[in-house]
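Colleague: My questions are about this predicted structure, shown below with the sequence.
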Amino acid sequence: MSSSAAPSDASPPAGEPPGPNHLRRFLTIWIVASVIATPLVAIFLGPILPPGKASDVAAGQVTDFTVTLSLATPVLLLVVLYLIYAIVAFRQPSGAALEGPALRGHAGLQTFWIITSVVLILTLATYATFRLEQGYGAGSGSGPNPLTKPSGPRLPVQVIAQEWAFTYRYPTYGGVETTHLELPVNTEVELHVTSLDVIHSFWAYQLGVKADANPNQDNIAFVKPTKIETFEVHCAELCGIWHGAMFDHGHVVSGPAFARWIAEQQRFFAPVTKQLPKYSRTYLPEPLRRGE
Amino acid sequence: MALPHEEKPMGLQIPAVPAGVEIPPEPPDVGARALAVGARLLAGGTTFFFLSFLFAYFYLRSIDADHAWRPKHVNPSTGLGIAFIVCLVISIVLAVLAGRGMKARRAGWVRFAAGAVVFGLATVAIQCIEYTTQNFGPTNGAYASVFCAWTAFFLLATLGAMYWLETQVATEFRASRSPSEHGDIRDPDRLIAPGLDAAVFYWGYLGAIGVITYVVLYVI
Amino acid sequence: MSTTTVSRTPERPARPLWRRLVGFNLLAAVVLGVGGYYFGWWIGHLVTNTKSFEYTEKVDENDVALLLAYVFGVVGFLIGMGFANYPVQRLLGRPPSLREKEGEGVSRYFGLCTDHKVVGIQYLCGIGLFFFIGGLNAMLIRTELLHPTPTFTGANQYISLVGMHGAMMMGMMTSGILGPFANYFVPIMIGARRMAFPRIEALTFWLLMAAGFILTSTIFFGGFPTGWTGYEPLNDQAVMGMDSYIIFFALVGVSMTLLGLNMMATIITMRAPGLTWSRLPIFVWATFSTSILMVLAAPMLIAVLLMAALDRTVDTTFFIAAGGGSSYLFENLFWFFGHPEVYILALPGFGVILELLPVFARKPLWGYRLAIAGMLGVTLLSFFVWQHHLFVSGINADLRPFYILSTEIISIPTGFIFLCFIGTLWRSRISFTVPMLFCLAWAFNFLLGGLSGVFLSDAPTDTTTHGSFFVMAHFHYTIMGGLIFAFFAAIYYWVPKMLGLNFNEKLGKVHFWLMFIAFNSTFLPLFALGMEGMPRRASFYEPKFHTLNVWVSVSAFVLGFSMLVFLFNTVYSFIFVRQKAAENPWHSKSIEWQVPTPVPVNNFEQIPVFDSDPYDYGTPVPVGAGVGGMGGPQISGAGG
């Protein structure tokens, strides 16, 4: 049904009074607004976006948020401004019953829209993939065998979730299990997240880490804290009644402070550590099911 | 309820239904097409239902959590398995023959259809015997779970398909006994033919799923 | 298909009351339903006592008994309703017929009726009831969140309320538009007099009602702690209330599958002469693509819930790691249904909006074929994106780039819908009626919902937003902002045709503005709360989130109040004012407005013949005279 090519910007059809050129007017408004708003979003909104700059992955996520938000701004403006423009400019005069022009499509515009959205989407997906793999999973749980791993020495820390608390095991420090998470600053940390009963999710908000804890599964996330500060630890997957109370604070401390803290923990928990099962990447739930 | 239509009952305005006005029947070809389309859509839905079990089978097998996929003693009976698949295949072949016979207007189709129902029910019986004689229960590992659940739901689906085939056989029997009451019901283009066609298609499709069930659960 | 016409006696003498009460009706259904429930309960205890299932001795709970009670209860209910009559007749070899209980006065609204118009109104009332129960749950949730620690409901009730609200909305509202409006209008729109399988049509409704009732009954068995997703192994660990959720959602799955099957069969086989695929109203296309999803995705839900039920009762080990199972299996199977599910909710909304827009813009639907491509594209792609719900779960982590790509590609067909929206409004003549206001609001809401979805589909940004209030805000913008706004647009647009009575327009506008402002005021701050680190479904939160939570709660109460305005409008307009609706108040060119109001039982005297699509609005544009750049070569002049 595509017929002869038409001038894309011709005068209105006969019979209608020559109105303003809506297309030119709207495009001007949109382009001006986007050109002004997009840099403002990137410059002023970008730095305050979550989750902050407390670790390498957190800082990376701030960049990702900023890029995505900047790309989304013109799209948002396009539809919102268009809605406002249409509501203002294309009203039915009160009391009238006028009909609009019988337009049923425009091949050029539709093709242009499809191509633009495909390009935009592919760009975004490529960028996201690149950031994900380059950021070693960008702080997310990447399964037992992550595709990309940071080189160099890493501090392994096991996060053991159970209803309704997290405990942490440091295998390189004699497998001591603590009730509290402390991490040395500027050290690459390898978090092994697992669960003893149901699905939980370990979420260290300021560090930009989130990894689900599944029974009998090892879920690895990498993070390198870059700032000495306190961070929040939440459970981010519904795990029963006290899911909301599964909340704690962790600390990023300097190297010597961490050494002091872990030595103290080893001393304090020595009687407990002897009773613990051998360090393992995964544990089976105990009890196995209800009533057992 | 005998409410006069001038007083509008309740909050709604119930459309007045003049006595005797009814929705006219649909032309028979619409019903036939609807049955054909419906049977194919039902087959699509059934596929995805059993796909879940197929997925569960291969997923849990590949994970083999805690080495509890399939303890050594968990083995369904080979003999009953072969009996199951033989009955299934015979039932499907008979059903397909019944469908072809109906299309060719051969009177003997109903015997084939009845045979298909009998052999279909035999697969259900064999599966039930298997449950009572097997040396494992649903708790004995993931394979046992998949085995019990998959065969149980396949058994229920088989019963449904057998019901469908049986209605066709019963309609034919009743129509042949009192042809005057049922008029043109036996005309192949009218009522039994589309129903039988749809039922045979569905049973054939379900049977193919059954063959896959057998291959997955008994053979590999 | 019925050739043997049962001739009805023209006037039946009024039967005595007792004779009317005995028979297959709602009363018998309730009696048999309760009887079936207790029968199942008894059988369940009998089975578990004789076979001595290990856990029943140790825990004071019997899931077998409850599951059987529900199953027998539902079967009894359906038998009482009269659904077993026809299958038994067929079993005995009686000839097939499509007709059952069509046209018997008011009582047909309370029983098995195969008139699609009656089923549509039944759906509207039934779904409306459960929509309000779900909304009430939301009010209680927000009341609890007025305080950072659980004080009002307590942690246990809070989790149950969250689960009930989610399950109610995700389960019952899947048929929110298809149930009332597609059942009522699709046959009329395609020039048919009934659905392809009218008995199945009635069955979907009564199954859904039974399901909603069962979900509500969970409060008697301790509720369920899993939310609407029912994740294992928490599911396996939960108390008996979990069984209510399992049976509820499985029944919803059955209802959905059958509804979709019936809709597709109807649209494929029963279109009137001349109604080619390229002339179908866009709402029918939306119904069709939704139905594809329902038929293919819902069986997977039924299967996974049956596995969960077996894990809870006969101790299979599908999801128990110690027995060779995996919690990942549940997540995979559930989201394979769960993602199509959210498009089952969104697509009918697209259809309603694009159907209404031309009427109030006085222009043809712009880009008809593009809109169809968009809907079918969404349908197809929605099967390939499910693991984006599991980006941080550690499941197939190496496949994440694929799911990032497929998830973001799905926004391309969604963009088509927006382009059609934009194109239809271009140089239009908008009248700001109540349905049109809801349509315009839909565009704003769904845009925010869609754009926030981009942050969730990018695995790096998903790390922070996953499982937080950000997700919650996102899907409320797409489902409440998308589906529910379209639902109300459809109500204000079509109910005058269905009931023959007008809504009060002033009250309708008050409802709209209250709802629109309160909706945005409720859910926009939740994006911020999620980004600041507040997890969802938590009854505890940090004091720093208190102010914003109070703001959200108060807005939510206003949102709830706007629903009361709607309820008041309904009662006021339909019971007290009773202003008769015009035959075609919106001057629509679609066929459902050309039939009399209220629609006669047989819809049409003669089956209509179609020669164009229903979007013949506007003044013709001379060939070659593009208007403002949007009227050049036409690629979608369907039926022109």
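Modeller: Here it is on my side, so go on. It should be emphasised that the depicted structure is a prediction, and the values quoted were computed from it without experimental measurement.
Colleague: going forward, measure contacts between C-alpha atoms and count neighbours the same way
Modeller: Noted.
Colleague: tell me the secondary structure for residue 136?
Modeller: I'll assume chain A. coil (DSSP: H, G, I helix; E, B strand; the rest coil).
Colleague: Oops, wrong one, chain B.
Modeller: For residue B:136, the assignment made with three-state DSSP gives coil.
Colleague: List the contacts of it.
Modeller: B:73, B:74, B:75, B:144 (Cα atoms under 8 Å, 6 or more residues apart in numbering or on different chains).
Colleague: any idea how far the residue most central in space within chain B lies from residue B:80?
Modeller: Centroid-nearest residue in chain B, with Cα atoms, centre = their mean: residue B:161, separated by 2.2 Å. Distance of residue B:161 to residue B:80, computed by Cα to Cα, to the nearest Å: 22 Å.
Colleague: Tell me which helix or strand residue 112 sits in.
Modeller: Because you didn't say which chain, this covers chain A. Using DSSP states H and E, the element containing residue A:112 is helix A:107-134.
Colleague: ah, I was thinking of chain B
Modeller: helix B:109-133.
Colleague: helices and strands around that helix, which ones?
Modeller: Helix B:109-133 makes packing contacts with helix B:78-103, helix B:141-177 when contacts are defined by 3 or more Cα pairs under 8 Å, 6 or more residues apart in numbering or on different chains; DSSP states H and E.
Colleague: nearest to residue C:203, of those?
Modeller: helix B:141-177 (16.8 Å; Cα to Cα).
Colleague: care to break chain C down by domain?
Modeller: C:19-97, C:108-592 (automatic domain parsing).
Colleague: which one of those lies closest to residue B:210?
Modeller: Nearest to residue B:210, of all the domains of chain C, is domain C:108-592, at 16.4 Å by Cα to Cα.
Colleague: What residues does the stretch 301-450 of chain C have near chain B?
Modeller: C:302-304, C:307, C:310, C:314-318, C:321-326, C:329, C:333 (Cα under 8 Å from any Cα of the partner chain).
Colleague: The biggest helix by length in chain C: what's the following helix or strand?
Modeller: Counting by DSSP state H, the longest helix found in chain C is helix C:327-361. Counting by DSSP H and E, the next helix or strand C-terminal to helix C:327-361 is helix C:368-381.
Colleague: from the chain's centre, how far out does that next one sit?
Modeller: 20 Å (Cα atoms, centre = their mean, to the nearest Å).
Colleague: Stretch C:476-484 too?
Modeller: Distance of stretch C:476-484 from the chain centroid (Cα atoms, centre = their mean) equals 12 Å.
Colleague: What average pLDDT does it get?
Modeller: The average of the pLDDT scores along stretch C:476-484 is 93.
Colleague: That stretch: which residues count as buried?
Modeller: C:476, C:477, C:478, C:479, C:480, C:481, C:482, C:483, C:484 (16 or more other Cα atoms under 10 Å in any protein chain shown).
Colleague: so does it get close to chain A?
Modeller: No - Stretch C:476-484 lies out of reach of chain A by Cα under 8 Å from any Cα, never closer than 14.4 Å.
Colleague: circling back to that earlier point, what angle separates the helix holding residue A:112 from helix C:368-381?
Modeller: 20 degrees (axes from the mean of the first three to the mean of the last three Cα atoms, to 10 degrees).
Colleague: So which elements touch helix A:107-134?
Modeller: So helix A:107-134, by 3+ Cα pairs under 8 Å, 6+ apart, packs with helix A:56-89, helix C:400-409, helix C:411-425, helix C:459-465.
Colleague: got the angle between it and helix C:411-425?
Modeller: Here helix A:107-134 points in a direction 150 degrees away from that of helix C:411-425 (the same axes, to 10 degrees).
Colleague: Which SSE is immediately downstream of helix A:107-134?
Modeller: Downstream of helix A:107-134 (by DSSP H and E), the next one is strand A:155-162.
Colleague: Just confirm residue A:251 is within a strand.
Modeller: Yes - counting by three-state DSSP, residue A:251 is part of a strand.
Colleague: my guess is it contacts residue A:227, does it?
Modeller: No - Residue A:251 lies out of contact with residue A:227 (Cα atoms under 8 Å); the separation is 10.0 Å.
Colleague: got the domain boundaries for chain A?
Modeller: According to automatic domain parsing, the ranges for chain A are A:20-91+A:108-136, A:155-273.
Colleague: Can you list the low-confidence ranges for chain B?
Modeller: By pLDDT under 70, the low-scoring segments of chain B are B:1-22, B:179-191.
Colleague: The stretch 151-292 of chain A now?
Modeller: The stretch 151-292 of chain A contains residues with pLDDT under 70 at A:286-292.
Colleague: how about the residues of it near chain C?
Modeller: A:197-199, A:201, A:205, A:208-216, A:219-220, A:234-245, A:284-285, A:288-292.
Colleague: if we can go back for a sec, of the residues of the stretch 301-450 of chain C next to chain B, which belong to strands?
Modeller: Per DSSP state E, strands hold no members of these.
Colleague: ok, and of those residues, which contact chain A?
Modeller: C:321, C:322.
Colleague: Buried members of the residues of the stretch 301-450 of chain C next to chain B into ChimeraX, please.
Modeller: A single ChimeraX command selects the buried members of these (16+ other Cα under 10 Å):
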select /C:302,303,304,307,310,314,315,316,317,318,321,322,323,324,325,326,329,333
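Colleague: would CSV of the buried residues of stretch C:476-484 with secondary structure and distance to residue C:383 be doable?
Modeller: Output for the buried residues of stretch C:476-484, formatted as CSV (DSSP: H, G, I helix; E, B strand; the rest coil; distance: Cα to Cα, whole Å):
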residue, secondary structure, distance to residue C:383
C:476, helix, 21
C:477, helix, 22
C:478, helix, 18
C:479, helix, 18
C:480, helix, 22
C:481, helix, 23
C:482, helix, 20
C:483, helix, 20
C:484, helix, 23
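Colleague: JSON lines for those, including distance to residue A:22?
Modeller: Listed next are these as JSON lines, based on distance: Cα to Cα, whole Å:
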{"residue": "C:476", "distance to residue A:22": "34"}
{"residue": "C:477", "distance to residue A:22": "30"}
{"residue": "C:478", "distance to residue A:22": "30"}
{"residue": "C:479", "distance to residue A:22": "33"}
{"residue": "C:480", "distance to residue A:22": "33"}
{"residue": "C:481", "distance to residue A:22": "29"}
{"residue": "C:482", "distance to residue A:22": "28"}
{"residue": "C:483", "distance to residue A:22": "31"}
{"residue": "C:484", "distance to residue A:22": "32"}
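Colleague: Out of these, flag the one nearest to chain B.
Modeller: Among those, residue C:484 lies closest to chain B (Cα to the nearest Cα), at 23.1 Å.
Colleague: Mean neighbour count, the domains of chain A: which tops it?
Modeller: Highest mean neighbour count of the domains of chain A: domain A:155-273, a mean of 22 (counted as mean count of other Cα atoms under 10 Å in any protein chain shown).
Colleague: Give me every residue in the stretch 151-300 of chain C lying close to chain A.
Modeller: Going by Cα under 8 Å from any Cα, the residues of the stretch 151-300 of chain C near chain A are C:155, C:156, C:159, C:225, C:226, C:227, C:231, C:232, C:233, C:234, C:236, C:237.
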